[in-house]
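Q: Predicted model, plus sequence, below.
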Amino acid sequence: MNSESNPIAALLWTFGLMSLFAVGGANSAIPEMHRAAVDVHHWLTDKQFADVFAISQLSPGPNVLIVTLIGYSVAGVAGALAATVAMCGPTALLAYYVSRFLDRSRDARWPAIIQAALVPLSIGLMAASGLIVVQTSDQSWIAVLITIVAAALAFATRINPLWMLLAGGLLGFAGVV
Amino acid sequence: MPRESPPVAAPAPDASAPSPPHQPGLLELFLAFAKMSLAGFGGVLVWARRAIVEQHRWMTAEEFNETFALCHFLPGPNIVNLSVVFGSRFRGIAGGFAAFAGLVGPPMVIATILAALYARYGDVDVLRRTLAGVACAAVGLLFAVVLKMMLPLLKRRDVTGLVILAAVFVAIGLIRWPLQIVLLVAIPFSLAITILTRRMVKA
């Protein structure tokens, strides 16, 4: 794959393939996004990746739109579009055909078994996502404390997560982090 | 950007679009998904459930759970899959596309604008600091989801599940092996164990 010469092709290929392996959704694919964007293609630095993750959590819509931000930093608006379509398209088509197939066969046993088998995998992937972001975002004790408090609050209360993101942003703005 | 996002309240009642209980049209699908997507900070699923089951009554809670379970076991962003499956159930492939475009289109425009702003001002120190703070909190939220999803495994004392979880975490998070290779090993392995344990429970 001669991908470095044509950034759009590289985006389409990278995220199109990733889309079909993103078990458990966008947040599970973050380690692979990091590997592709930072380690393999050098599209972003570590810090930029953490920033892009933060922006994608702050903005509305599905979390998968982190790929829009990565795509933009590679090739502008065309890159944003290419990355988004590549990440959402293949799996959306797959979902369409599988759902039509299941509607006809009505065998509800297999989805349950596959789902049960995939749950531990997707939790492991999401934990790895957390680790990868933490390694760049949490550079001080205060930062680690913010992460722990946000995790505890989101786990134990029903406070809208947006408030915690804004609080984190305010603390950063104040220069505490 | 966050315009209106009531902490717990349901989405604003929709007076503009009259919604017949069944068979939403293409424009209606697009608008409904655009609305739930733009309301959804840190996850659209809650809003999708409210809009589809409670507000528009396009599906019963059971139908919604079934559809979501299907979309959860498929790869890729779950909610994106849900939009396509849901839309195509009512209006065929055009309906799937309308719901998909509604879900992804408007927030993608916002994300692109934010990306452009970041490309321009990302080096400004205040912004860097602020985003660093947001990232700290955001990753905390991610860990909370991980904990919540782990609870059922812990309660069931599902040792094999927890071992698989830990193995994937180490392979991807610590050793940083490529996702495809890890999954090509882990998925068949986990499937085999799941099927085996179900047989043992039955026997």
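A: Thanks, I have the structure now.

Q: Could you use CA atoms for every contact and neighbour count after this?
A: OK.

Q: what about A:Leu20, which helix or strand?
A: Element membership of A:Leu20, judged by DSSP states H and E, is helix A:7-21.

Q: any residue of the helix or strand just after that helix up close to chain B?
A: Under the assignment DSSP H and E, the closest C-terminal helix or strand after helix A:7-21 is helix A:30-34. Yes - contact between helix A:30-34 and chain B is present through A:31-32 (criterion: CA under 8 Å from any CA of the partner chain).

Q: how about helix A:30-34 as CSV, C-alpha atoms only?
A: The C-alpha trace of helix A:30-34 is given here as CSV (Å, rounded to 0.1, in the frame of the first residue of the first chain):
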residue,chain,number,x,y,z
ILE,A,30,-8.9,4.3,20.1
PRO,A,31,-5.7,2.3,20.7
GLU,A,32,-5.8,1.3,17.0
MET,A,33,-6.4,5.0,16.0
HIS,A,34,-3.5,6.0,18.1
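
Q: for the record, mean pLDDT for it?
A: For helix A:30-34, the mean per-residue pLDDT is 94.

Q: repeat for stretch B:95-104
A: When pLDDT is averaged over stretch B:95-104, the result is 95.

Q: same for the helix or strand where B:Arg128 lies, what does it pack against?
A: Assigned by DSSP H and E, B:Arg128 belongs to helix B:125-155. Contact partners of helix B:125-155 among helices and strands, from 3 or more CA pairs under 8 Å, 6 or more residues apart in numbering or on different chains; DSSP states H and E: helix A:46-58, helix A:109-137, helix A:141-156, helix A:161-173, helix B:159-169.

Q: That helix vs helix A:46-58, what angle?
A: Between helix B:125-155 and helix A:46-58, the angle comes out at 70 degrees (axes from the mean of the first three to the mean of the last three CA atoms, to 10 degrees).

Q: List the buried residues of helix B:125-155.
A: B:127-147, B:150, B:153 (16 or more other CA atoms under 10 Å in any protein chain shown).

Q: swap in stretch B:40-58?
A: For stretch B:40-58, by 16+ other CA under 10 Å, it's B:40-45, B:47-53, B:55-58.

Q: quick one: least confident helix or strand in chain A?
A: Considering only helices and strands, the least confidently modelled element of chain A by mean pLDDT, DSSP states H and E is helix A:109-137, at a mean of 87.

Q: Which stretch among the helices and strands packed on helix B:125-155 is buried most, on average?
A: Among the helices and strands packed on helix B:125-155, ranked by average contacts under mean count of other CA atoms under 10 Å in any protein chain shown, first place goes to helix A:46-58 (a mean of 24).
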